[in-house]
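> Fold the following, please.
(2 chains)
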Amino acid sequence: MRRTLQRSLVIVVASATLGVVVNAVRSDVGKDGKLRCIPFVTPPKAEIRNQEFVPLAMAQGLWSSGSAFFLDARAPADYAAGHIANALSLPAEAFDQHFPQVASYLTTDSVIVCYCDGTECDLSHRIAELLRQRGYTNVRILKNGWTEWNRAAYPTTKGAKP
Amino acid sequence: MTKWINLLLRLIIGGIFVAAGAVKIVNPAAFADSIANYRMLPHEWINAFAITLPWVEVAAGLLLIIGIWMRTNALLIALMLVMFIIAIGQAVGRGLNIECGCFGTVEGRKVGLVALAEDAAMLAAAAWLAWREKD
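Residues are numbered from 1 along each chain as shown, chains lettered A, B, ... in the order given. Predicted structure coming up:
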């Protein structure tokens, strides 16, 4: 029995060591383009900085404290017909055209709240994704934003300007 | 007769462990994700486990097939199976809808009673081998 135990230990230690060594020297790359080796101690979980959706109450708090930029992802005509007060227009359909102007207000760590209208609306998701691709790290979405904001009777404005 | 049954069992169990370990060695990051899904280990330990465990699987399976230290390796395999059964059992018990990760992520299979039954059957075979074979 004792011998079996010793031998188990030999096998476990030897193969585990082999695993560690191979992991340390391997440089093969997977289909996803990432190296196959991984750090021995699991790195801490990425901060949950992007709880992707921001609840209405929190959005309102961000709005009234002026600590977030609100971006309206709907078409310019919808924006002109009424938008969250101080929100900037960044239509998903004409992102590249409008982005430079919006970008002049933002830094990459600005708190950004994107919204459109309707629970199925994906315009806000699209601009959020495009913003993240451009290095903005703090992008959130107010789901069904325009409807929810109106329902709560929070401040809105009409016109093509913020 | 028993000799041939034992040989067959060694080939099957050993083969399964070599294959399962090899798939995980190819992609340790995917295996680490699978381990994380079980929510059993402390976070920092997950990678160390993902780096080492597959090699123990391969070593024990290979040695069992070749016929070196058969009792020891059958016991090691049985021990790993007990560990897997506990892991899958607690996942099923907690209602986690996660991938088994038993053979990497290639099989795309969820944890459940089927995976538990397979491991239990292998455990029985490994225990039998540990009892009947010599080192």
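> from here on, contacts and neighbour counts on C-alpha atoms
Noted.
> Chain A against chain B: which residues are in contact?
Residues of chain A found near chain B (Cα under 8 Å from any Cα of the partner chain) are A:4-5, A:7-8, A:11-12, A:15-20, A:23, A:30, A:36-44.
> Strands of the chain, start to end?
Using chain A. For chain A, strands defined by DSSP state E occupy the ranges A:68-72, A:83-84, A:88-89, A:111-115, A:139-142, A:156-157.
> that answer is for a different chain, and I need it for chain B
Under the criterion DSSP E, chain B contains strands at B:102-105.
> which regions of it sit below the pLDDT cut-off?
B:105-108 (pLDDT under 70).
> Chain A contacts on that one?
Residues of chain B that fall close to chain A, judged by Cα under 8 Å from any Cα: B:26-29, B:43-48, B:51-56, B:59-60, B:69, B:71-73, B:76, B:135.
> Give me the buried subset of the residues you listed.
With burial judged by 16 or more other Cα atoms under 10 Å in any protein chain shown, the buried subset of these is B:26-29, B:45-48, B:51-56, B:59-60, B:69, B:71-73, B:76.
> Show me the residues you listed that map onto helices.
B:26, B:28-29, B:46-48, B:51-56, B:59-60, B:71-73, B:76 (DSSP state H).
> how about low-confidence regions in chain A?
Where chain A drops to pLDDT under 70, the residues are A:44-51.
> Now do the buried residues in the lengthiest helix in it.
Ranked by residue count and defined by DSSP H, the top helix of chain A is helix A:2-25. By 16+ other Cα under 10 Å, the buried positions in helix A:2-25 come out as A:4, A:7-8, A:11-12, A:15-20, A:22-23.
> Next, the contact list for the closest residue to residue B:96 other than its chain neighbours, please.
The spatially closest residue to residue B:96, leaving aside those adjacent along the chain, is residue B:38, at 7.8 Å (Cα to Cα, 6 or more residues apart in numbering or on different chains). By Cα atoms under 8 Å, 6 or more residues apart in numbering or on different chains, the contact list for residue B:38 reads B:87, B:88, B:91, B:96, B:98.
> Now distance to residue A:156 and neighbour count too, for those residues, in a markdown table please.
Output for the contacts of residue B:38, formatted as a markdown table (distance: Cα to Cα, whole Å; neighbours: other Cα atoms under 10 Å in any protein chain shown):
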| residue | distance to residue A:156 | neighbour count |
| --- | --- | --- |
| B:87 | 53 | 20 |
| B:88 | 53 | 25 |
| B:91 | 48 | 20 |
| B:96 | 44 | 16 |
| B:98 | 44 | 17 |
